[in-house]
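> need coordinates for the below:
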Amino acid sequence: MYRFFLDGMQLPIAPSSMTMKINGKNETVTLINEGEVNVLKKPGLTDIDFEVEFPNVKYPYAVYPNGFQPSAYYLDKLEKLKLSQKPFKFIVNRMKPNGFLLFDTNMTVSIEDYEIEDNAENGFDMVVKIKLKQYREYRTETIKNQPRTSSSTNLNQKVTVEKKRSTTGKEKPKTHTVARGETLWGIAKRYLGEGSKYTELAKINNLSNPNLIRVGQVIKLG
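Numbers count the residues shown, from 1 in each chain. Model (predicted):
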């Protein structure tokens, strides 16, 4: 069973397939005496592609957490996400019928492209091809030149670097409130950098079963 969330909005019909491409940035160079060598670098941003159906008819197999909404509701949401020029959360859970988690993705992304297909074969439903790209926070630095002395020459100067500021303007939170569809593994990956650190969160929050967290529960992050 798949559950897809875009900016907290659960898709009524989960895509049957999804492609995640983790782009590599390694570089092959040729050295005079060694020949070709591979210079290993940090991976690039992840590309995500999937095709989703937005129904205009209420199907028994679809999921409507907030009641049935026509395809126009979801298309409007996509347009707002694209025009906002802001990143958002992309969450995917894949579970067995017994609730055992097989796959979990919790990533900050942006919408790169989406293509709307209106085909008579799909009846009144709309099919949309969506391309997402992973978003990473980055910081900016401002360099100012200031005179070192008040002497007649301006050759002696010192350079100061202003304090780094986050592009999001947000400080690292100390707690997290569990939202629908979230797992402790995904929360650990989001805030601690590695999903495997969910055991640390379980210990900090005295959770005997890390797989059982509820919506609205406050999780201490450190």
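> distance between the ends of stretch 177-190?
This stretch, stretch 177-190, spans 13 Å end to end (C-alpha to C-alpha, to the nearest Å).
> now find how far off-centre that stretch is within its chain.
Put simply, stretch 177-190 sits 12 Å off its chain's centre (C-alpha atoms, centre = their mean, to the nearest Å).
> helix or strand right after the lowest-mean-pLDDT helix or strand in the chain?
Among the helical and strand segments of the chain, the one scoring lowest on mean pLDDT, DSSP states H and E is strand 165-166, with a mean of 54. Under the assignment DSSP states H and E, the closest C-terminal helix or strand after strand 165-166 is strand 175-177.
> what lies in contact with that next one?
Under the contact criterion C-beta atoms under 8 Å, 6 or more residues apart in numbering, strand 175-177 has outside partners 187, 190-191, 216-221. C-beta coordinates here come from the backbone N, C-alpha and C atoms, glycine included.
> of all those, which comes closest to L83?
Each of the contacts of strand 175-177 was checked against L83 using C-beta to C-beta; the closest is R190, at 25.0 Å.
> how much space between that closest one and K58?
Note on R190: its distance to K58, by C-beta to C-beta, to the nearest Å, is 33 Å.
> likewise V29?
Applying C-beta to C-beta to V29 and K58 gives a distance of 58 Å.
> partners of the longest strand seen in the chain in the sheet?
Using DSSP state E, we find that the single longest strand of the chain is strand 101-117. If you go by DSSP bridges, strand 101-117 pairs up with strand 88-95 (antiparallel), strand 126-134 (antiparallel).
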